[in-house]
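Colleague: Provide a 3D model corresponding to the input given below.
(chains A and B)
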Number of protein chains: 2
Amino acid sequence: MHYADRLTDAIARVGNPCLVGLDPHLDALPEEFAVARNAEAPRAERARALADFCCAVIELVAGRVAAVKPQSAFFEVFGADGAAAWERVVARARAAGLLVIGDVKRGDIDSTAKAYARAFLEGSSAADRAHVCDAITINPFLGGDSVVPFLESCARAGAGVYVLVRTSNKDNKLCQDHGTPPLYERVADAVAAWGAPHVGERGWSSVGAVVGATHPRELAALRARMPRTPLLLPGYGAQGAGAAEIRGGFAADGRGALVNSSRGILFAHKSPQYAGQHWKDASRAALDAMVGEIRAALGAA
Amino acid sequence: MHYADRLTDAIARVGNPCLVGLDPHLDALPEEFAVARNAEAPRAERARALADFCCAVIELVAGRVAAVKPQSAFFEVFGADGAAAWERVVARARAAGLLVIGDVKRGDIDSTAKAYARAFLEGSSAADRAHVCDAITINPFLGGDSVVPFLESCARAGAGVYVLVRTSNKDNKLCQDHGTPPLYERVADAVAAWGAPHVGERGWSSVGAVVGATHPRELAALRARMPRTPLLLPGYGAQGAGAAEIRGGFAADGRGALVNSSRGILFAHKSPQYAGQHWKDASRAALDAMVGEIRAALGAA
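Modeller: Numbers count the residues shown, from 1 in each chain, chains lettered A, B, ... in the order given. Okay, the predicted model is just below:
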């Protein structure tokens, strides 16, 4: 089944388009996982604590959101132990009924991109698929032939990709704003074209785009430019975008985007608003608040 | 010690600027490592064979070239087992006196880039550094603040980065040729600026650039645009560039670039030229031929 159809159904089931980013920043982990930041502890133990934390978050959010988005960098810090932790987290999320969007931002020449696509979307063998992602983020800097192998894997595996179009960081101009029209618009057009043959039964493509919700004025324009492209909107919460800013990323019927929050949910216990609460209670409350805000912005009941 | 200085000295020691890319394509591995492509075999065994092959190549080339460039995608295919294989290969290469350029092409927003930089250039702790790379490749699509954390790691660890400026794949135009002047020139200027505070005692920066040798006409122009930037020139051999094409990537004194060959060396036994030879003999001969060609093109003895 098309990734886009699975995603559309999952969002309908939970009744909100919130995405929880699993970005386990060592410095912000709750005290019970503190061994992860202890440079004197064995690496395997540190990686295990990182995965334990992510699995606890998965348990909190399963059934309440459609998908989670683990960030590979925080796992790679622990090398091979981190890779094992990554696999455990992805498998756990999938077993909990969540879609997994691997935030890996890979991109390379075609023969190499093929290996990345296989690694993250297909697995090394039929027996090695518990930890493959439903979708991943990819980087378009190398151009069209670097993207094709990912599209081929998507078709084979019923998977998806989100191509970076407009990122949520402050100093994103160097490449993305270059030229007239700016590069990000050109990439958006390419994404729409790549996605056209991958539109599922619900009307959405399995080829999505990452569009920073920190640029609200551009959102509606990009939404119009890529009418069948599911958007992944980072930047909600910690990076500064609010619920009103993300409305433009959605179609008129309130579909077509996922809104990501990572630190805002995972590390809610660090926020003055939830001071004194157990981290799980704080995260649960922060997710409830986010769901409420986004549903209100979309005009849902 | 600055990466750039270590690299300059290593190239002077071996007397050639050849770089061996460790891109272990499963389909092309010599028969003795065939278990790596057997989807029925345990993943750990497959990953071990991949690392065994790379370690055998390292043994062949140690002392004859300055550096090797393992490509992370081919390891990631085997998940956590692949990550363990990667660490073994990097550690072995370093122990053999080779510089290691991890071809990982990472790039993300600043807090995430920091984690990648730590993963590949610094290690998770003082005891976890046998497998860190001397340098890595990075992707500039996210802009300036996504590059800064890598530069900070370079300064702390005496490491280097090679920023993608112009890649060697055919269909590289979408982003890199966009605008007037084309984006790749703008990125080149940014690389020169990022690198200025990182120039070592031998006159070269630890902030390098990847410039596809398959575009010889652009090479000399980019060389002039980034006068202190060490270049990494992929595309030699299998991707079509010859020794004459790469001359423009070097300074007048024959310094300032590494020329990479991956498949041309690793899989020389597949080439009609070396038919019937053991793969090690074929690889050795192909490397000798490459060294001779490049030295001739540079006007060395």
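Colleague: the helix or strand bottoming out on mean pLDDT in chain A: which residues count as buried?
Modeller: Lowest mean confidence among the helices and strands of chain A (mean pLDDT, DSSP states H and E): helix A:243-246, at a mean of 83. By 16 or more other Cβ atoms under 10 Å in any protein chain shown, the buried positions in helix A:243-246 come out as A:A243, A:E245, A:I246. The way it works is simple: take the backbone N, C-alpha and C, and place the C-beta from them, glycine included.
Colleague: now render the residues you listed as CSV, adding distance to B:P149.
Modeller: Converted to CSV, the buried residues of helix A:243-246 look like this (distance: Cβ to Cβ, whole Å):
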residue, distance to B:P149
A:A243, 30
A:E245, 26
A:I246, 27
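Colleague: could you confirm A:V210 falls within a strand?
Modeller: Yes - assessed by DSSP: H, G, I helix; E, B strand; the rest coil, A:V210 belongs to a strand.
Colleague: report the contact partners of it.
Modeller: Going by Cβ atoms under 8 Å, 6 or more residues apart in numbering or on different chains, A:V210 touches A:T137, A:Y162, A:V163, A:L164, A:V165, A:R166, A:T167, A:L231, A:L232, A:P234.
Colleague: how much space between it and chain B?
Modeller: Here A:V210 is placed at a distance of 10 Å from chain B (Cβ to the nearest Cβ, to the nearest Å).
Colleague: returning to what we had before: can you list contacts of the least confident helix or strand of chain A?
Modeller: Residues outside helix A:243-246 that contact it (Cβ under 8 Å, 6+ apart) are A:A213, A:T214, A:P216, A:L219, A:L233, A:Y236, A:A257, A:V259, A:E293, A:I294, A:A296, A:A297.
Colleague: can you tell if whatever helix or strand comes next after that helix touches chain B?
Modeller: Under the assignment DSSP states H and E, the closest C-terminal helix or strand after helix A:243-246 is strand A:257-261. No - against chain B, strand A:257-261 shows no contacts by Cβ under 8 Å from any Cβ of the partner chain, the least distance being 12.0 Å.
Colleague: send the alpha carbons of strand A:257-261 over as PDB?
Modeller: Output of strand A:257-261 as PDB, limited to C-alpha atoms (Å, rounded to 0.1, in the frame of the first residue of the first chain):
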ATOM      1  CA  ALA A 257       0.700  18.100   6.100                       C
ATOM      2  CA  LEU A 258       2.300  16.800   9.200                       C
ATOM      3  CA  VAL A 259       3.400  19.300  11.900                       C
ATOM      4  CA  ASN A 260       6.500  18.300  13.700                       C
ATOM      5  CA  SER A 261       7.500  19.100  17.300                       C
END
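Colleague: rounded mean pLDDT for the helix or strand that that strand is followed by, please.
Modeller: Once strand A:257-261 ends, the next helix or strand along the chain (criterion: DSSP H and E) is helix A:263-266. Averaged across helix A:263-266, pLDDT comes to 96.
Colleague: go ahead and produce PDB holding the CA coordinates of helix A:263-266.
Modeller: Coordinates of each C-alpha in helix A:263-266 appear next as PDB, following Å, rounded to 0.1, in the frame of the first residue of the first chain:
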ATOM      1  CA  ARG A 263      12.000  19.400  21.800                       C
ATOM      2  CA  GLY A 264       8.600  20.900  22.600                       C
ATOM      3  CA  ILE A 265       7.200  17.500  23.400                       C
ATOM      4  CA  LEU A 266      10.300  15.500  24.500                       C
END
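Colleague: poorly predicted segments of the stretch 51-200 of chain A, please.
Modeller: Within the stretch 51-200 of chain A, not a single segment meets pLDDT under 70.
Colleague: just the closest residue of it to chain B, please.
Modeller: Per Cβ to the nearest Cβ, A:G179 is where the stretch 51-200 of chain A lies closest to chain B, at 2.7 Å.
Colleague: helix or strand: which one has that residue?
Modeller: Using DSSP H and E, A:G179 sits within no helix or strand.
Colleague: shouldn't it be in contact with B:L183?
Modeller: Yes - if you go by Cβ atoms under 8 Å, A:G179 and B:L183 touch, sitting 7.0 Å apart.
Colleague: just to revisit the earlier point, which among the contacts of A:V210 are in contact with chain B?
Modeller: The subset of the contacts of A:V210 within reach of chain B, by Cβ under 8 Å from any Cβ, is A:L164, A:T167.
Colleague: if we can go back for a sec, so between A:G179 and B:L183, which is more surrounded?
Modeller: B:L183 (26 against 20; other Cβ atoms under 10 Å in any protein chain shown).
Colleague: thought that one was touching B:D177?
Modeller: Yes - in this structure, B:L183 is within contact of B:D177 by Cβ under 8 Å, at 7.1 Å.
Colleague: that's a helix at A:S168, yeah?
Modeller: No - using three-state DSSP, the secondary structure at A:S168 is coil, not a helix.
Colleague: can you list phi and psi of it for me?
Modeller: phi -90, psi 0 (degrees, to the nearest 10).
Colleague: and it, how many residues sit next to it?
Modeller: Residues contacting A:S168 under the criterion other Cβ under 10 Å number 21.
Colleague: hmm, back to that, against B:L174, how distant is the residue of the stretch 51-200 of chain A closest to chain B?
Modeller: A:G179 is 12 Å from B:L174, where distance means Cβ to Cβ, to the nearest Å.
Colleague: any idea how far A:S205 is from chain B?
Modeller: Distance from A:S205 to chain B, by Cβ to the nearest Cβ: 18 Å.
Colleague: burial of A:V148, as a residue count?
Modeller: 16.
Colleague: an error on my part: the question was meant for A:R13.
Modeller: Using other Cβ under 10 Å, A:R13 is surrounded by 10 other residues.
Colleague: then the one 4 residues further on?
Modeller: Other residues within reach of A:P17, judged by other Cβ under 10 Å, total 30.
Colleague: quick one: it and A:N260 touch, right?
Modeller: No - under the criterion of Cβ under 8 Å, A:P17 makes no contact with A:N260, lying 9.9 Å away.
Colleague: next structured bit after the helix or strand encompassing A:V57?
Modeller: Element membership for A:V57 (DSSP H and E) is helix A:43-61. Proceeding N to C from helix A:43-61, the next assigned helix or strand is strand A:67-70, under DSSP H and E.
Colleague: starting at the chain centroid, how far to that following strand?
Modeller: 5 Å (Cα atoms, centre = their mean, to the nearest Å).
Colleague: parallel or antiparallel, which strands does it pair with?
Modeller: Partners of strand A:67-70 in the sheet, by DSSP bridges, are strand A:18-22 (parallel), strand A:99-106 (parallel).
Colleague: run the angle between the last one and strand A:257-261 for me.
Modeller: Angular relation of strand A:99-106 and strand A:257-261 on a 0 to 180 degree scale: 80 degrees, by axes from the mean of the first three to the mean of the last three Cα atoms, to 10 degrees.
Colleague: the next helix or strand after strand A:99-106 and chain B, are they touching?
Modeller: Sequence-wise, the next helix or strand downstream of strand A:99-106 (DSSP H and E) is helix A:110-117. Yes - using Cβ under 8 Å from any Cβ, we find that helix A:110-117 touches chain B at A:D110, A:S111, A:T112, A:A113, A:A115, A:Y116.
Colleague: from the contact counts, what lies against helix A:110-117?
Modeller: Applying 3 or more Cβ pairs under 8 Å, 6 or more residues apart in numbering or on different chains; DSSP states H and E, one finds that helix A:110-117 makes contact with strand A:99-106, helix A:144-157, helix B:72-76.
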